[in-house]
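Engineer: only the shape, not the letters, is given here:
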């Protein structure tokens with residue numbers, strides 16, 4: 001019974017999770033994208049975290065992906081000019 005429970009936990013879909021919070025996620029693409037942005041084009045750290053906190057409470061977030069537009073929310077939130085497709089930020 002315990003093995004079956006552990007298997008369910010390991011295979012569950014992480015809704016309302018960011019890529020950085022998922023155990024098996026490769027977050028190097030996020031860092032690569034953020035490092036390619038010019039400083040003046042990046043959202044401030046505070047704004048970035050504010051945006052992500054809104055995303056994590058949104059019912060359209062699924063495994064780090066916005067189900068409204070298909071983007072990785074951590075990439076969208078990093079750019080200053082980006083907007084939430086649902087107009088939440």
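Structural biologist: It's in. No experiment lies behind these values; they were computed from the predicted model shown. Numbering: from 1, shown residues only.
Engineer: right, and the helix or strand after the lowest-mean-pLDDT helix or strand in the chain?
Structural biologist: Among the helical and strand segments of the chain, the one scoring lowest on mean pLDDT, DSSP states H and E is helix 2-10, with a mean of 51. Downstream of helix 2-10, the next assigned helix or strand under DSSP states H and E is helix 28-36.
Engineer: list the buried residues in that next one.
Structural biologist: Neighbour counts using 16 or more other Cβ atoms under 10 Å place 30, 34 of helix 28-36 among the buried residues. C-betas here are computed from N, CA, C, even on glycine.
Engineer: what helix or strand is residue 49 on?
Structural biologist: helix 45-56.
Engineer: what angle do that helix and helix 28-36 make?
Structural biologist: Between helix 45-56 and helix 28-36, the angle comes out at 140 degrees (axes from the mean of the first three to the mean of the last three Cα atoms, to 10 degrees).
Engineer: helix 45-56 - what's its average pLDDT?
Structural biologist: For helix 45-56, mean pLDDT rounds to 97.
Engineer: name the surrounding residues that touch that helix.
Structural biologist: With Cβ atoms under 8 Å, 6 or more residues apart in numbering as the test, helix 45-56 has contacts from 16-18, 42-43, 61, 66, 73-74, 77-78, 80, 84, 88-89.
Engineer: go with 7 Å
Structural biologist: Residues outside helix 45-56 that contact it (Cβ atoms under 7 Å, 6 or more residues apart in numbering): 16, 18, 43, 61, 73-74, 77-78, 88-89.
Engineer: give the buried residues for it.
Structural biologist: 48, 51-52, 54-55.
Engineer: now stretch 20-40, how far from the centre of its chain.
Structural biologist: Here the centre of stretch 20-40 is set off from its chain's centre by 10 Å, with Cα atoms, centre = their mean, to the nearest Å.
Engineer: endpoints of it, how far apart?
Structural biologist: 24 Å (Cα to Cα, to the nearest Å).
Engineer: I'd like the average pLDDT over it.
Structural biologist: Averaged over stretch 20-40, pLDDT sits at 85.
Engineer: need the contact partners of that stretch.
Structural biologist: Stretch 20-40 is contacted by residues 14, 19, 42, 64, 74-75, 78-79 when judged by Cβ under 7 Å, 6+ apart.
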